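Enquirer: Got a sequence here, can you model it:
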Amino acid sequence: MSMESSLSKESVRFIENLRLYLFASGKKTEEINEIVEELQGHLLEAEESGKNIHQVVGDSPEEYMQMISKEMKVDVKSWMMYIPLILIGGISFSIFGNLLEGSNFTLNYSLLQIIGIVLHGIFFLTGTVIAFRYVSRKQTLGLKQYVIIAVPVILSMLFYLAVLFINHLYPSPMYHFSLLTSLIVASLAAILVIGLSVWAKTAVLPFVLIALHLPSYLLMYTNVSEDNRLIIGMLISYVLIGAYFFFELRRLKGDTEE
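Expert: As a prediction, this is how the structure comes out:
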């Protein structure tokens, strides 16, 4: 039996949140593991002596996390690798959407769109890191946790939609990529999305990508008008994404209650 499985649910949840908070704060993975293993030992000894988690980390787990974080150095080298990967993960939403819009599967971007995509990726990354730090520090659970994490995703998407609207009003120079280049970019984006999903141990990114773009793409082969196609595609996408999070929430709730 592992050390973690011998701990109470409250202690296990705190350790998981601490790990997430330190990672989102840019700390080195090896040092995070060392801190977590040491804390697990202290918590196990305390619980075997009849003590609770607050007698180890204090009355404010949030302050304990912040104290540990301040004592650790930021892992600049690793984050120089993570940041481009996560940015591309956010940008992949635009890549696949743009690729499926045309009939010849090529990427076509205006100068304003390219600038918007880069800014969208930065906002997506910054907002996601802030959200993860908040939910781990506050130890939020259930629907509230999903809502907080969804906020930066929704805001970054709204920002990009605003960029598209402005680009429609004030057109900027267009850049057309060849079929080969488009397929290479899409393939690399797909590999990174799959890699990020395996690394994060969640299928949320590929599922949301498919849910957002597949309905609209399939509706292109129907007799539905363009305006109705956009509305119906959006409704189907939101229903699929909502259903995914609903069943995922039920699954997590079931795991917690076991």
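Enquirer: Now the most far-flung residue of the chain relative to its centre. Its backbone dihedrals?
Expert: Note on the chain: the largest C-alpha distance from the chain mean falls to residue 49, namely 39.0 Å (Cα atoms, centre = their mean). Main-chain dihedrals, residue 49, degrees, to the nearest 10: phi -90, psi 0.
Enquirer: Residue 109 too?
Expert: Backbone torsions of residue 109, given as degrees, to the nearest 10, read phi -130, psi 140.
Enquirer: same deal with residue 159?
Expert: The phi and psi values for residue 159, taken as degrees, to the nearest 10, are phi -60, psi -40.
Enquirer: same check, this time on residue 174
Expert: With angles defined as degrees, to the nearest 10, residue 174 sits at phi -100, psi 150.
Enquirer: you'd agree residue 174 is up against residue 112?
Expert: No. With contact defined as Cβ atoms under 8 Å, residue 174 and residue 112 do not form a contacting pair (10.0 Å). Yep, even glycine has a C-beta here, placed from its N, CA and C like the rest.
Enquirer: Among those two, which residue is more densely surrounded?
Expert: Per other Cβ atoms under 10 Å, whichever of residue 174 and residue 112 has more neighbours is residue 112, with 17 against 10.
Enquirer: where does the more buried one land on pLDDT?
Expert: pLDDT for residue 112: 88.
Enquirer: Likewise for the one 5 residues further on?
Expert: For residue 117, the pLDDT comes out at 80.
Enquirer: What count of nearby residues applies to it?
Expert: Neighbours of residue 117 using other Cβ under 10 Å come to 20.
Enquirer: dump the residue contacts of it.
Expert: 91, 94, 109, 160 (Cβ atoms under 8 Å, 6 or more residues apart in numbering).
Enquirer: Which helix or strand contains it?
Expert: Here residue 117, judged by DSSP states H and E, is contained in helix 111-138.
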